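Novice: Only the shape, not the letters, is given here:
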């Protein structure tokens, strides 16, 4: 039952990322906020394809990306784009998210790895 739940969660997360990726095909600077978000989505998708990420890990990472997207939307809707404080906050959140992606991809809990007793 848990395996099915994780598979469904992973499939849902992958569908969400594909939809978000197609919506984010606008031109952006690689080091800018939108470029970093797109890069992180690609890293998560690659981790799912390679089996480095489990369904639960993928769900958590996608939820973190959704949180960052909502934060950016809230900041942008509150005035004339992003001010410096908001930009710094978003980069800080993206840095933390990047660390989480790296750690989850390298924690030896992938779908193809043997489970511990």
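Specialist: Arrived safely, thanks for sending. These numbers come from a predicted model, not from an experiment. Numbering: from 1, shown residues only.
Novice: Residue 44: helix or strand, and which one exactly?
Specialist: helix 33-50 (DSSP states H and E).
Novice: Correct me if wrong: residue 58 contacts residue 43.
Specialist: No. Between residue 58 and residue 43 there is no contact under CB atoms under 8 Å: 11.3 Å. Glycine gets a C-beta too; all of them are placed from N, C-alpha and C.
Novice: ok now do residue 105, which residues does it touch?
Specialist: 43, 47, 52, 53 (CB atoms under 8 Å, 6 or more residues apart in numbering).
Novice: Now do the same contact list for the second one.
Specialist: Contact partners of residue 47, counting by CB under 8 Å, 6+ apart, are 53, 57, 58, 101, 104, 105.
Novice: For those, pick the one with the most neighbours.
Specialist: Highest neighbour count within the contacts of residue 47: residue 53, with 28 neighbours (other CB atoms under 10 Å).
Novice: where does that residue land in three-state SS?
Specialist: coil (DSSP: H, G, I helix; E, B strand; the rest coil).
Novice: what pLDDT does it get?
Specialist: On the pLDDT scale, residue 53 is placed at 95.
Novice: any idea how far the closest residue to it other than its chain neighbours lies from residue 88?
Specialist: Among residues not flanking residue 53 along the chain, residue 47 sits closest, at 3.9 Å (CB to CB, 6 or more residues apart in numbering). Residue 47 is 27 Å from residue 88, where distance means CB to CB, to the nearest Å.
Novice: after the helix holding residue 44, next one along is what?
Specialist: helix 55-77.
Novice: In the following helix or strand past that following helix, which residues are buried?
Specialist: Downstream of helix 55-77, the next assigned helix or strand under DSSP H and E is helix 84-105. Buried residues in helix 84-105, defined by neighbour count with 16 or more other CB atoms under 10 Å: 86, 89, 90, 93, 94, 97, 101, 104, 105.
Novice: Mind picking the two most distant members of those?
Specialist: Spatially, the most separated pair among these is 86 and 105, at 28.6 Å (CB to CB).
Novice: on that earlier part again, tell me which of the contacts of residue 47 is nearest to residue 77?
Specialist: For the contacts of residue 47, the nearest to residue 77 is residue 101 (26.8 Å; CB to CB).
Novice: Can you check the pLDDT for the closest one?
Specialist: So residue 101 comes in at 98 (pLDDT).
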